[in-house]
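> task: produce atomic coordinates for the following.
(2 chains)
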Amino acid sequence: MTNKSPGVLDWILLITKRDLLISSKRSASYITPVAFFLIIVSLFPLAFGPEQKQLSSMASNIIWIAALLSSLLAIEGIFNNDFNDGTLEQIIMSGEPLFLLVIAKVFCHWLIAGAPIVVSSLLAGIFLYFSFENTLVLLFSLTLGSLLFSLLGAFGGALSLGKSPVLSTIIVLPFSIPVLILGTSCFNASINQQDYIVYLLYLGSLVAIGLPGLSVAIATSIKINYE
Amino acid sequence: MLEVSNLECRLSGRLVFQNLSFILGRKETIEIIGSNGSGKTTLLKALVGLIPETNGDIKYNGSILKSLFYSQCFYQGHLLAIKNSLTIFENLKLSFPEYLRTELVNDAIDKVGLISYANRPCADLSVGQFRKVAIAKLILCKRPLYLIDEPFTALDDSSISLVSNLIMDKKSNGSSFILTGHRGSDLADKTLNLDEL
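Reported below is the predicted structural model:
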């Protein structure tokens, strides 16, 4: 071990490596949200019939609701495991700004639970007869939306540390509604050949505000939970 | 090295202890003793900033601090920060943000007698073996101050002597220790009984 004191980047690297390694060993952490997402999406054509026009009109709602529900599945794992085994104590006493380390954890969570949903939405696009342009809009909007779902999920997870995962779900759902509305509106605008850029900009600005704002809120909630 | 004066600590508004003061010099060991619930673990947590409702002065090498940080001390509480799904080797390699050479990690695992388990997930280990992984962490770590909560819990005789020797060895290299326990041990230069506060 070197005598040089580690910096914030060393801590971010450690958290990222550890979280990704743990997830690679627990395939359920990334397979379950994707499987859940695809099951919900594939249930709609079965329930409403394979008629292209009807499915396309509902497509954005189906995809976004499936993405939200799937992201809720992975909320519990963001902080609770680290809280229960003492890793979170070590992270807090690192002396580095906690909100930066929180961003690293949220990013890992997004890579594990959010990014696979974004990628699998390509497959969902095939089920639901999307054009190439609509699929691209979906990918962009869902990338931003899933980042926000991960941030909100981390916020719910931090507020309910050591408590029931149902509580974090109840906390997160109301905050997710604006993201859901913007996401579906963006895709509907794209399908109806209207201006969808404005919705992407709204989602982008929510990420820009939410990333620092929610990270500080998450860090504060974690510290309060240690009281 | 460390001077704690008039420390007062509350948990959810309940007073755990107050007017707690002690001085710990270089190469010294202080053992915090007391009955269950007297505040031993809380004291260690308060020193590393895990208890927000803490008042008093913590002076480290002449500087007044709100709490001690990673680079100043090694803290090992009841929760050992060991991941069940990772192997012993991976756990140790990913316990510290500093780069650890593979030989160093394997050497530490060997010293605690778990080399044949090095690539097994920690979920497969017994409670005693779990504690031995924590000892391996202690071997790998080099800090001026160590705060360890009940270091001899769930250890067999050979592991107890391993930890004792490790503490003596680190002390001779200039480190200091704050340990907790229920009764004083031979390792301690000073004892602080929380029941007598």
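> confirm residue B:5 sits in a helix?
No: assignment of residue B:5 by DSSP: H, G, I helix; E, B strand; the rest coil gives strand, placing it outside any helix.
> contacts for stretch B:118-132?
A:25, B:80, B:82-89, B:91, B:106, B:109, B:112-114, B:117, B:133, B:153-156, B:159 (CB atoms under 8 Å, 6 or more residues apart in numbering or on different chains). From N, CA and C alone the C-beta is placed, and that goes for glycine too.
> how does it look with 10 Å?
Residues outside stretch B:118-132 that contact it (CB atoms under 10 Å, 6 or more residues apart in numbering or on different chains) are A:25, A:85, B:80, B:82-92, B:105-106, B:109-114, B:117, B:133, B:136, B:150-156, B:159, B:162-163.
> in chain B, what residue lies closest to chain A?
residue B:79 (2.7 Å; CB to the nearest CB).
> please pick the buried ones from the contacts of stretch B:118-132.
For those, a neighbour count by 16 or more other CB atoms under 10 Å in any protein chain shown gives the buried set as A:85, B:80, B:82-92, B:105-106, B:109, B:111-114, B:117, B:133, B:136, B:150-151, B:155, B:159, B:162-163.
> does stretch A:93-102 come close to chain B?
Yes: using CB under 10 Å from any CB of the partner chain, stretch A:93-102 reaches chain B at A:93-96.
> between the residues you listed, which sits nearest chain B?
Nearest member of the residues of stretch A:93-102 next to chain B to chain B, counting by CB to the nearest CB, is residue A:95, at 3.3 Å.
> now that closest one: closest residue in space, sequence neighbours ignored.
Nearest residue to residue A:95, sequence neighbours excluded (CB to CB, 6 or more residues apart in numbering or on different chains): residue B:69, at 3.3 Å.
> that neighbour and residue B:58 touch, don't they?
No: Residue B:69 is beyond contact range of residue B:58, at 11.1 Å (criterion: CB atoms under 10 Å).
> now do the shared contacts for these two.
With CB under 10 Å, 6+ apart as the test, residue B:69 and residue B:58 both reach B:48-49.
> number of residues surrounding residue A:13?
15 (other CB atoms under 10 Å in any protein chain shown).
> actually residue A:200, not the one I wrote
19.
> any idea which element it lies in?
Using DSSP states H and E, residue A:200 maps to helix A:197-225.
> average pLDDT for that helix?
Regarding helix A:197-225, the rounded mean pLDDT is 94.
> who does that helix touch, helix- and strand-wise?
If you count contacts as 3 or more CB pairs under 10 Å, 6 or more residues apart in numbering or on different chains; DSSP states H and E, helix A:197-225 packs onto helix A:80-85, helix A:87-92, helix A:98-109, helix A:132-159, helix A:165-191.
> for those, which one sits closest to residue A:51?
helix A:165-191 (15.4 Å; CB to CB).
> what's the helix ranked longest in chain B in contact with?
Using DSSP state H to define each element, chain B has its longest helix at helix B:157-172. Among residues not part of helix B:157-172, those counted as contacts by CB under 10 Å, 6+ apart are B:26-29, B:74, B:111-113, B:128-129, B:131-132, B:134-135, B:138-139, B:141-144, B:146, B:148, B:151-152, B:155-156, B:175-177, B:179, B:185-189.
> please repeat the previous calculation with a cut-off of 8 Å.
Helix B:157-172 is touched from outside by B:27-29, B:111-113, B:128, B:131-132, B:135, B:138-139, B:146, B:151-152, B:155, B:177, B:179, B:186-187, with contacts defined as CB under 8 Å, 6+ apart.
> same thing with stretch A:167-174?
Outside stretch A:167-174, the residues touching it (CB under 8 Å, 6+ apart) are A:72, A:75-76, A:149, A:152-153, A:155-157, A:159-160.
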